[in-house]
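Novice: the amino acid sequence is not available; the structure is as follows:
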């Protein structure tokens, strides 16, 4: 019976192999449809039909025919634009392949994708100028205008979840003190300095006049770093893992902190909310409450997922197992959003805790599948986001203020320096000499503060009279950092002499430092080993996990093929049907 089942399973393997491609295609189509579907009017037809009740039957028939014809035209146009966007994605992936193949150092994948979007926007603008009767630019703006709700609800969660789920925990926790300092204290410093200096500059003649709350909220959104380009280069060149962990860890935590900080500062745009010491303290309390509450929600969802896979036999069906895992991950984003908390913070911590407790309960196939699907979804949504970034320059109602743009670029560089150098000095005081962050690394970390999609989509959501100026300035800052700074990354690595091609092999001093870090967290380590792993991880999976340190860099493959086959045999014995 078991052999027949195994034979049947082997014959059906081709179906399981192609199923992820079908699933990803459907998800991509759903995401792309969501980008333009919000601009359609599903109630328009019903409204017009109700309106025709007062007219004659002949007029009603004509109106219905006209509505159906317009609806068909709209569907056709939307399909064409979706095809156009899909084509842009294809060309972006082809460009990424070409850049990797040729090792071209001055343009990275993110920059190439933005340029494709810019090219499309420029072509539509040129056609609209040459043939205004086509209304091409107006149609594109109507169908493909960036929507912050779509970005934060559909596009950002897969990116943030993948960041937490694929996190290298050993290096992350070894540099946890520095990461927390840069992400929390550093983001606050950058926000305040950017807002204060911009407000002082805006008082001068010749530049757009901004209120202090406007400058402060601009400082909060522009403090969200997104070094996708830098991290891609790090992975390809195998840059020192400590430098990678600091840059990656700061960016992951910084995104979540910047979004919460933005939402905390946003109420001050209302003229009735005055900036006082008391209101600032209330805002700080709200920030802490939102961040802590979001962490708790993400942790609870992740632990529930671990219990689910521990006490069920989904490991017999890897694709169902992976699908349920992704549903848990998305629920960790939706639940806090419905509670007026931060879904980004929640899904980040959910991914990190899932990697520690849920991942060992999965079958070997689901471990690979969940990791690959999360990475592919993150890649595809990132590509869509960068295409829209390039396209948005020609879609939004741009308002250029050269003095404000130049001042903003200079000020964010100064704010980044005020963030990195003083905090690194304090971090180095608690580190042994061989573990201190060198001046070369500090300079590169300052340089690696690229801005990305989060800053732009936050700018789209600002309810202020100067919204157009802030949007335009933000997208140009993103272009400057991704194209110019990102293009100079490889050259800067060589000029600074930062080692590449590094395989992780810790020295005795580094191992001692890692053990010291574990001792600092010894309370959690003991609770985790004695209680948490027993509660949330299956026994046969826990045997291997318990032999590894909590902060191990090795991925926790809980079941080897022999163990998984044994588990399947036990499951078949218990469930003969």
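Specialist: Yes, it's here. For clarity, every value in this text was computed on a predicted model and none was experimentally measured.

Novice: any idea how far residue 120 is from residue 273?
Specialist: The gap separating residue 273 from residue 120 is 40 Å, by Cβ to Cβ, to the nearest Å. For glycine as for every other residue, the C-beta is placed from the backbone atoms N, C-alpha and C.

Novice: again with residue 113
Specialist: For residue 113, the distance to residue 120 - Cβ to Cβ - is 11 Å.

Novice: compare neighbour counts for those two and give me the winner.
Specialist: residue 113 (27 against 21; other Cβ atoms under 10 Å).

Novice: shaky segments in the stretch 301-450 of the chain?
Specialist: Applying pLDDT under 70 to the stretch 301-450 of the chain picks out no residues at all.

Novice: need the strands for it, in chain order.
Specialist: Counting by DSSP state E, counting those that start in this stretch, one finds no strands in the stretch 301-450 of the chain.

Novice: please enumerate the helices of it.
Specialist: Secondary structure of the stretch 301-450 of the chain (DSSP state H, counting those that start in this stretch): helices at 318-338, 343-353, 364-392, 402-429, 439-447.

Novice: got a markdown table for these, with mean neighbour count too?
Specialist: As requested, the helices of the stretch 301-450 of the chain are exported to a markdown table (neighbours: other Cβ atoms under 10 Å):
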| stretch | mean neighbour count |
| --- | --- |
| helix 318-338 | 20 |
| helix 343-353 | 28 |
| helix 364-392 | 21 |
| helix 402-429 | 18 |
| helix 439-447 | 18 |
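
Novice: for residue 203, which of these is the nearest?
Specialist: helix 402-429 (11.7 Å; Cβ to Cβ).

Novice: now the closest one: how far from the chain's centre is it?
Specialist: 23 Å (Cα atoms, centre = their mean, to the nearest Å).

Novice: equivalent analysis for stretch 469-478, please.
Specialist: With Cα atoms, centre = their mean, you get 20 Å for stretch 469-478.

Novice: residue 261 is nearest to which of the helices of the stretch 301-450 of the chain?
Specialist: Comparing the helices of the stretch 301-450 of the chain by Cβ to Cβ, helix 343-353 comes nearest, at 11.3 Å.

Novice: follow-up on the earlier one: and the helices of the stretch 301-450 of the chain as TSV, adding distance to residue 84?
Specialist: Output for those, formatted as TSV (distance: least, Cβ to Cβ, whole Å):
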stretch	distance to residue 84
helix 318-338	28
helix 343-353	30
helix 364-392	10
helix 402-429	30
helix 439-447	35
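
Novice: closest to residue 192 out of those?
Specialist: Per Cβ to Cβ, nearest to residue 192 of these: helix 402-429, 8.5 Å.

Novice: now do the closest one against helix 439-447, angle only.
Specialist: 140 degrees (axes from the mean of the first three to the mean of the last three Cα atoms, to 10 degrees).

Novice: so which other helices or strands are in contact with helix 402-429?
Specialist: Packing partners of helix 402-429 (3 or more Cβ pairs under 8 Å, 6 or more residues apart in numbering; DSSP states H and E): helix 176-180, helix 187-202, helix 212-222, helix 439-447, helix 467-479.

Novice: ok, now which ones touch residue 437?
Specialist: Contacts of residue 437 were listed using Cβ atoms under 8 Å, 6 or more residues apart in numbering, and they are 178, 242, 246, 424, 427, 428, 431, 445.

Novice: try 6 Å
Specialist: Residues near residue 437 by Cβ atoms under 6 Å, 6 or more residues apart in numbering: residue 424.

Novice: cool, residue 496 as well?
Specialist: Neighbours of residue 496 in contact, by Cβ under 6 Å, 6+ apart: residue 440.

Novice: what's the burial count for residue 225?
Specialist: Neighbour number of residue 225 under other Cβ under 10 Å is 29.

Novice: what of residue 148?
Specialist: So residue 148, with other Cβ under 10 Å, has 15 neighbours.

Novice: need the longest helix for this protein.
Specialist: helix 57-102 (DSSP state H).

Novice: that one - contacts with which helices or strands?
Specialist: helix 13-37, helix 109-130, helix 364-392 (3 or more Cβ pairs under 6 Å, 6 or more residues apart in numbering; DSSP states H and E).

Novice: and residue 370, how far is that from residue 351?
Specialist: For residue 370, the distance to residue 351 - Cβ to Cβ - is 11 Å.

Novice: repeat that for residue 480.
Specialist: 30 Å.

Novice: repeat for residue 237
Specialist: Distance from residue 237 to residue 351, by Cβ to Cβ: 25 Å.

Novice: what do you get for residue 243?
Specialist: Where residue 351 is concerned, residue 243 sits at a distance of 22 Å (Cβ to Cβ).

Novice: do the same with residue 72
Specialist: Going from residue 72 to residue 351 by Cβ to Cβ gives 43 Å.

Novice: for residue 123, same thing?
Specialist: 38 Å.

Novice: cool, residue 459 as well?
Specialist: 26 Å.

Novice: next one: phi and psi at residue 270?
Specialist: Dihedral pair for residue 270: phi -70, psi 120, per degrees, to the nearest 10.

Novice: tally up the residues packed near it, please.
Specialist: What residue 270 shows, counting by other Cβ under 10 Å, is a neighbour count of 10.

Novice: what does residue 157 give?
Specialist: Around residue 157 there are 25 residues (other Cβ under 10 Å).

Novice: next up, the contacts around it.
Specialist: 333, 347.

Novice: assign it to helix, strand or coil.
Specialist: helix (DSSP: H, G, I helix; E, B strand; the rest coil).

Novice: likewise residue 463?
Specialist: Following three-state DSSP, the label given to residue 463 is coil.

Novice: now it: how far from residue 212?
Specialist: 16 Å.

Novice: more crowded one of these two?
Specialist: Set side by side, residue 463 and residue 212 show more neighbours around residue 212, with 15 against 8, by other Cβ under 10 Å.

Novice: so how far is residue 223 from that one?
Specialist: Relative to residue 223, and taking Cβ to Cβ, residue 212 is found at 16 Å.

Novice: do residue 185 as well
Specialist: Distance from residue 185 to residue 223, by Cβ to Cβ: 12 Å.

Novice: more neighbours: those two, which one.
Specialist: Under the criterion of other Cβ under 10 Å, the comparison of residue 185 against residue 223 puts residue 223 first, with 30 against 15.

Novice: assess the claim that that one and residue 187 are in contact.
Specialist: Yes. If you go by Cβ atoms under 6 Å, residue 223 and residue 187 touch, sitting 5.1 Å apart.

Novice: flag the shaky bits of this structure, pLDDT-wise.
Specialist: Using pLDDT under 70, the flagged stretches of the chain are 1-63, 69-71, 73-74, 77, 131-144, 227, 229, 503-524, 543-577.

Novice: tell me the secondary structure for the nearest residue to residue 171 once chain neighbours are set aside?
Specialist: Distance criterion Cβ to Cβ, 6 or more residues apart in numbering; nearest residue to residue 171, sequence neighbours excluded, is residue 245 at 3.9 Å. With three-state DSSP as the basis, the three-state label of residue 245 is helix.

Novice: now do the same contact list for residue 245.
Specialist: Contacts of residue 245 (Cβ under 6 Å, 6+ apart): 171, 172, 175.
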